[in-house]
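Q: Generate coordinates for the sequence data below:
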Amino acid sequence: MFLRLLVSACMALASITAQAQSWPAKPIRYIVPFAPGGTTDILARVVGEKLSVALGQQVVVDNKPGQGGSLGAAELARAAPDGYTIGGGTISSHGINATLYDKLSYDPVTSFAPITLYATQPNVLLVHPSVPARNVKEFIDLLKANPDKYSFGSAGAGTSQHISGEMFKTMAGVKMQHVPYRGSGQMLPELLGGTLLVAFDNIASAIAHVKAGKLRALAVTTAKRSAVAPEVPTLAESGLPGYELSSWQAVFAPAGTPQPIVDRLHGEIAKILQMPDVQRRLTELGLDLSGMTPAELGALVKADVPRLGKIVKDSGAKPE
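A: Presented below is the predicted three-dimensional model:
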């Protein structure tokens with residue numbers, strides 16, 4: 001009996017090893033759980049282009065937006081664990097949404113094989129130039145004088161941008177309605193055109209518009225100022241002490257993906273994040289690059305689900 005089990009285990013291991021050695025033999029699908037134009041999409045395209053060269057197979061980006069990244073994450077969780085489907089995951093899809101939504105069709109911890117953390121970054125409080133407030137104090141005064149007159153946009157219900165806005169409302173004691181979009185790429189044109197006047201967004205997708213003078217950045221959400229916009233204060237130093245929220249971006253495979261394939265993907269992506277042209281492009285967007293191991297990313301997700309759950313509950317955020 002023991003011998004049969006041992007033989008079966010050896011055969012299974014040999015099969016996995018052979019699969020990993022022949023992988024990849026066809027294009028790889030990369031699910032982005034947000035609309036084109038946001039940070040998750042930018043990272044997928046920058047890294048995907050280099051990964052296609054490194055692996056000798058095309059990495060095809062497939063945008064599946066909705067429910068704060070949860071629809072795309074659910075599709076990734078359902079995919080075959082064969083190394084031919086990977087996907088972006090964020091602080092929202094793999095952290096916040098576990099508490100925000102009563103039911104998810106996946107578990108952020110057990111439904112995925114972590115590959116690596118790309119980066120962390122601040123969110124930024126943005127206003128259209130027509131808004132008569134040039135700093136956080138003036139903005140809070142404006143909101144208190146005009147309760148519920150202004151709405152703030154985000155990349156979707158449950159995103160870090162949404163929770164950043166809810167935390168701001170709670171800590172500043174102001175009223176604003178939340179307008180969820182299907183990603184930053186859908187939200188930013190509305191903000192630039194003045195249809196939407198206020199938003200929280202990842203600094204990576206917003207910084208070019210801020211530097212061009214098309215949007216006004218009032219503050220960042222992190223504990224420290226961003227190196228790409230050192231003139232923009234933090235919310236904590238702008239009258240909301242204790243305010244801090246960092247957004248993160250990662251990449252995952254479905255649970256059960258052979259470990260040799262996960263390790264190969266991690267190794268290749270870690271090398272890509274060290275390439276000078278990639279580092280230059282991504283750090284110019286305000287991203288603090290990482291490249292942590294699969295085990296480290298798994299530990300981050302496991303710790304962040306309860307940590308972010310408390311923030312969601314304290315903020316009073318609700319799914320739209």
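
Q: Confidence-wise, which helix or strand of the protein is lowest on average?
A: Every helix and strand in the chain was compared by mean pLDDT, DSSP states H and E; the lowest is helix 2-22, with a mean of 51.

Q: three-state assignment of Lys169?
A: Reduced to three states with DSSP: H, G, I helix; E, B strand; the rest coil, the structure at Lys169 is helix.

Q: Now do Thr293: how many residues are near it, please.
A: A count of nearby residues for Thr293, using other CB atoms under 10 Å, gives 16. Backbone N, C-alpha and C define where each C-beta goes, glycine included.

Q: From Arg134, how far off is the closest residue to it other than its chain neighbours?
A: Excluding its sequence neighbours, the residue lying closest to Thr293 (CB to CB, 6 or more residues apart in numbering) is His266, at 6.6 Å. From His266 over to Arg134 the distance is 44 Å, taken as CB to CB, to the nearest Å.

Q: One more: Asp263?
A: From Asp263 across to Arg134, the span is 50 Å (CB to CB).

Q: picking up where we left off before, following element in sequence after the least confident helix or strand of the chain, please.
A: Under the assignment DSSP states H and E, the closest C-terminal helix or strand after helix 2-22 is strand 28-32.

Q: Which strands or helices does that following strand pack on?
A: Here strand 28-32 touches helix 39-55, strand 59-63, helix 70-78, strand 85-90, going by 3 or more CB pairs under 8 Å, 6 or more residues apart in numbering; DSSP states H and E.

Q: Val61 contacts Arg45, correct?
A: Yes: at 5.9 Å, Val61 counts as touching Arg45 under the criterion of CB atoms under 8 Å.

Q: low pLDDT regions in this structure?
A: Applying pLDDT under 70 to the chain flags the ranges 1-20, 320.

Q: Now name the helix or strand holding Phe200.
A: Using DSSP H and E, Phe200 sits in strand 198-202.

Q: other SSEs contacting that strand?
A: strand 112-127, strand 151-154, helix 160-172, helix 184-193.

Q: Report the buried residues of the shortest one.
A: For strand 151-154, a neighbour-count test (16 or more other CB atoms under 10 Å) marks Phe152, Gly153, Ser154 as buried.

Q: Now render those residues as JSON lines, adding distance to Pro129.
A: Shown next, in JSON lines, are the buried residues of strand 151-154 (distance: CB to CB, whole Å):
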{"residue": "Phe152", "distance to Pro129": "16"}
{"residue": "Gly153", "distance to Pro129": "16"}
{"residue": "Ser154", "distance to Pro129": "20"}
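
Q: closest to Ala73 among these?
A: Ser154 (17.2 Å; CB to CB).

Q: all strands of the stretch 201-320 of the chain, in order?
A: Under the criterion DSSP state E, counting those that start in this stretch, strands of the stretch 201-320 of the chain are mapped to 216-220, 246-254, 288-289.

Q: now for the ones you listed, which one comes closest to Gly95?
A: strand 246-254 (8.3 Å).

Q: For stretch 283-300, which residues meet the burial criterion?
A: 285-294, 297-298, 300.

Q: Go through those residues and say which is closest to Leu240.
A: Closest approach between these and Leu240, by CB to CB: Gly286, at 20.4 Å.

Q: quick one: the closest one and Gly185, what's the gap?
A: Distance, Gly286 to Gly185, using CB to CB: 17 Å.

Q: With Gly68 instead?
A: As judged by CB to CB, Gly68 and Gly185 stand 15 Å apart.

Q: who has more neighbours, those two?
A: Each of Gly68 and Gly185 has its neighbours counted (other CB under 10 Å); Gly68 has more, 33 against 21.

Q: A strand includes that one, no?
A: No: checked against three-state DSSP, Gly68 lies outside a strand; its state is helix.

Q: OK, contacts around it?
A: 92-93, 96-97, 100, 155-159, 162, 180, 319 (CB atoms under 8 Å, 6 or more residues apart in numbering).

Q: Okay, and Leu142 sits in which element?
A: Assigned by DSSP H and E, Leu142 belongs to helix 136-145.
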